[in-house]
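Participant: can't give you the sequence, but here's the structure:
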């Protein structure tokens with residue numbers, strides 16, 4: 001049995017389940033049919049909105065708009081922006097495992113997903129109305145928006161192992177990520193004329209329109225999933241109080257699996273290190289191109305386009321490679337690409353070589369999430385998928401908070417852009433060394449599935 005393959009039992013039966021696994025009681029209703037191509041396509045479409053949102057709202061347009069326009073007469077704009085990012089990431093890190101456990105227990109992953117999706121859309125529409133001087137309203141609305149977006153992204157990832165078999169997780173995850181990057185690339189091209197005049201008070205209306213268009217892309221990208229995705233998890237709690245107790249029991253039972261030596265801990269630690277390195281690079285790559293390489297302001301969007309192009313290729317190719325060569329070798333290949341890209345970032349000086357480096361950064365960025373998301377689908381027990389994805393997302397949020405903070409501290413101490421770029425290299429090299437200890441896909445289960453007591457809360461009913 002594969003160490004990364006927790007097999008799905010038949011409804012109401014423990015047959016073909018790993019040792020220690022018990023299915024929840026059958027509900028009496030027939031299980032939903034296996035996912036077809038349209039359901040998988042609908043799930044993939046959500047990545048279009050997700051990638052567009054991340055690139056425009058977080059990485060580029062609203063971030064710069066807040067600093068240069070909304071806070072046009074303040075000197076603490078950058079500090080306020082990083083504080084908002086930190087606070088939103090902290091809330092997501094604390095709440096994601098609990099949210100995932102509640103979704104599993106209540107059998108309501110889809111309802112919770114689209115509640116977060118709706119909140120993200122409504123708050124993004126408010127962001128598109130913010131103008132000069134709206135400092136605190138902008139920060140408040142952005143924090144709500146980023147939290148809702150992150151929750152929706154987390155819950156959507158939990159559907160992956162339900163709609164794809166163990167041998168096609170990487171292909172579907174990579175294809176969806178590639179489709180998302182294509183959509184993000186198209187969205188950048190769509191809004192480029194609106195931001196071409198710069199981030200100035202006089203161009204605020206056009207920037208607000210760019211934010212509005214991105215919100216519309218995000219909203220439209222989620223409609224197919226809203227219509228076609230099926231809820232396959234069975235509720236195992238009768239009321240909210242019981243659901244809270246069962247969620248707490250599940251989290252308590254899953255934490256030892258994360259911290260004890262084994263494949264799951266190795267994967268989580270490498271995800272933390274590589275996530276920190278990737279966040280640093282993605283947050284500063286456009287600024288680094290300007291300050292260290294000498295590119296003009298107009299080239300920042302082009303740098304992001306090069307990154308997005310590489311991400312399209314990387315996600316698609318590495319996702320398919322993962323299904324062919326196995327999880328551990330594919331992860332090592334992805335992180336090795338990041339190591340090479342990190343070395344290039346601290347050594348190249350010409351613009352031409354930097355374009356190639358930006359493309360390689362994109363390959364690493366697109367494939368890292370695509371392959372890791374697929375691996376997490378194999379690591380997570382059948383009846384606790386949203387919960388384990390929530391735990392995994394904690395590593396990403398901690399990395400997103402700690403990585404840029406560490407980069408900023410080193411930059412403040414050295415006043416150099418090149419020296420802090422060594423930090424991602426150290427992160428990826430350490431992550432690669434950890435992945436060398438990851439066992440073969442065909443050795444043993446990575447994590448024991450929850451027992452019946454943990455899943456159904458029989459102790460509560462006793």
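Facilitator: On my side now, so go ahead. All of these numbers come straight from a predicted model, not from anything done at the bench.

Participant: Spatially, what comes nearest to residue 189 if we skip its sequence neighbours?
Facilitator: Excluding its sequence neighbours, the residue lying closest to residue 189 (Cβ to Cβ, 6 or more residues apart in numbering) is residue 305, at 7.8 Å. To be clear about C-beta, it is placed using only N, CA and C from the backbone, and glycine gets the same treatment.

Participant: Could you pull up the residues touching the one you found?
Facilitator: 185, 188-189 (Cβ atoms under 8 Å, 6 or more residues apart in numbering).

Participant: Mind doing that once more with 10 Å?
Facilitator: Contacts for residue 305 (Cβ atoms under 10 Å, 6 or more residues apart in numbering) come out as 184-185, 188-189, 192, 299, 358-359, 362.

Participant: again, but for residue 392
Facilitator: So residue 392 contacts 96-97, 100, 154, 157, 258, 264, 267-268, 271, 372-373, 375-376, 379-380 (Cβ under 10 Å, 6+ apart).

Participant: Can you tell me how far residue 228 is from residue 220?
Facilitator: 14 Å (Cβ to Cβ, to the nearest Å).

Participant: more neighbours, these two?
Facilitator: Regarding residue 228 and residue 220, a neighbour count based on other Cβ atoms under 10 Å identifies residue 228 as having more, with 16 against 12.

Participant: ok, which stretches of the stretch 301-450 of the chain are helices?
Facilitator: 327-347, 351-379, 385-414, 422-435 (DSSP state H, counting those that start in this stretch).

Participant: helices and strands around the strand or helix carrying residue 208, which ones?
Facilitator: Taking DSSP states H and E as the definition, residue 208 sits inside helix 204-228. Applying 3 or more Cβ pairs under 10 Å, 6 or more residues apart in numbering; DSSP states H and E, one finds that helix 204-228 contacts helix 37-53, helix 61-65, helix 109-127, helix 135-157, helix 169-195.

Participant: The same query, at a cut-off of 6 Å, please.
Facilitator: If you count contacts as 3 or more Cβ pairs under 6 Å, 6 or more residues apart in numbering; DSSP states H and E, helix 204-228 packs onto helix 37-53, helix 109-127, helix 169-195.

Participant: Could you point out which of those helices sits nearest residue 277?
Facilitator: helix 169-195 (18.3 Å; Cβ to Cβ).

Participant: Could you tell me how many residues sit around residue 428?
Facilitator: Neighbour number of residue 428 under other Cβ under 10 Å is 29.

Participant: contacting residues around it?
Facilitator: Residues near residue 428 by Cβ atoms under 6 Å, 6 or more residues apart in numbering: 277, 335, 338-339, 342.

Participant: ok, of the contacts of residue 305, which one's closest to residue 393?
Facilitator: Nearest member of the contacts of residue 305 to residue 393, counting by Cβ to Cβ, is residue 184, at 20.0 Å.

Participant: Please report how far the closest residue to that closest one other than its chain neighbours lies from residue 177.
Facilitator: Nearest residue to residue 184, sequence neighbours excluded (Cβ to Cβ, 6+ apart): residue 51, at 3.8 Å. Computed as Cβ to Cβ, the residue 51 to residue 177 distance reads 8 Å.

Participant: Please enumerate the shared neighbours of those two.
Facilitator: If you check residue 51 and residue 177 against Cβ under 6 Å, 6+ apart, no residue is contacted by both.

Participant: list the buried ones in stretch 223-233?
Facilitator: 224-225, 228-229, 231-233 (16 or more other Cβ atoms under 10 Å).

Participant: wait, stretch 123-139
Facilitator: So for stretch 123-139, counting by 16+ other Cβ under 10 Å, buried means 123-128, 130-131, 134-135, 138-139.

Participant: Centre of the chain to stretch 212-228, how far?
Facilitator: 18 Å (Cα atoms, centre = their mean, to the nearest Å).

Participant: List the contacts of that stretch.
Facilitator: Here stretch 212-228 has contacts from 38-39, 42-43, 45-46, 48-49, 52-53, 56, 114, 117, 121, 124-125, 128, 187, 191, using Cβ under 6 Å, 6+ apart.

Participant: Residue 380 - nearest residue in space that isn't next to it in sequence?
Facilitator: Nearest one to residue 380, counting by Cβ to Cβ, 6+ apart, is residue 388 at 3.6 Å.

Participant: Kindly report the same for residue 77.
Facilitator: residue 71 (3.5 Å).

Participant: Phi first, then psi, for the one you found.
Facilitator: Dihedral pair for residue 71: phi -110, psi 40, per degrees, to the nearest 10.

Participant: looking at it, residue 89 is touching residue 401, isn't it?
Facilitator: Yes - with contacts counted by Cβ atoms under 6 Å, residue 89 reaches residue 401, the gap being 4.5 Å.

Participant: where does the chain dip in pLDDT?
Facilitator: Within the chain, the ranges that satisfy pLDDT under 70 run 1-33, 233, 235-240, 254-261, 286-287, 290, 296-301, 382-387, 439-462.

Participant: Just among the contacts of residue 392, which is most surrounded?
Facilitator: Scoring these on neighbours with other Cβ under 10 Å, the highest-scoring entry is residue 100 at 32 neighbours.

Participant: what helix or strand is it on?
Facilitator: Applying DSSP H and E, one finds residue 100 within helix 77-106.

Participant: Mind listing what's buried along that helix?
Facilitator: 77, 80-82, 84-89, 91-93, 95-106.

Participant: can you count the residues close to residue 415?
Facilitator: Residue 415 has 7 nearby residues by other Cβ under 10 Å.

Participant: distance of it from residue 278?
Facilitator: 24 Å.

Participant: quick one on the thing from earlier: could you double-check that the residue nearest to residue 184 sits in contact with residue 180?
Facilitator: Yes - if you go by Cβ under 6 Å, residue 51 and residue 180 touch, sitting 3.7 Å apart.

Participant: Just to check, residue 106 is in contact with residue 241?
Facilitator: No - if you go by Cβ under 6 Å, residue 106 and residue 241 don't touch, sitting 12.0 Å apart.

Participant: mind listing what the residue nearest to residue 366 when sequence neighbours are not counted touches?
Facilitator: Using Cβ to Cβ, 6+ apart and skipping residues adjacent in sequence, the residue nearest residue 366 is residue 311, 3.0 Å away. Going by Cβ under 6 Å, 6+ apart, residue 311 touches 181, 362, 365-366.

Participant: Apply 10 Å and report the result again.
Facilitator: Counting by Cβ under 10 Å, 6+ apart, residue 311 has contacts 51, 55, 177-178, 180-182, 184-185, 359, 361-370.

Participant: now swap in residue 209 and tell me
Facilitator: Residue 209 makes contact with 128, 191, 194-195, according to Cβ under 10 Å, 6+ apart.

Participant: pretty sure residue 65 is touching residue 211, no?
Facilitator: Yes - under the criterion of Cβ atoms under 10 Å, residue 65 makes contact with residue 211 at 7.7 Å.

Participant: can you list residues touching both of these two?
Facilitator: When contacts are counted by Cβ under 10 Å, 6+ apart, residue 65 and residue 211 have 57, 127, 130 as shared neighbours.

Participant: for the last one, helix, strand, or coil?
Facilitator: Just to be clear, that refers to residue 130. Classification of residue 130 by DSSP: H, G, I helix; E, B strand; the rest coil places it in coil.
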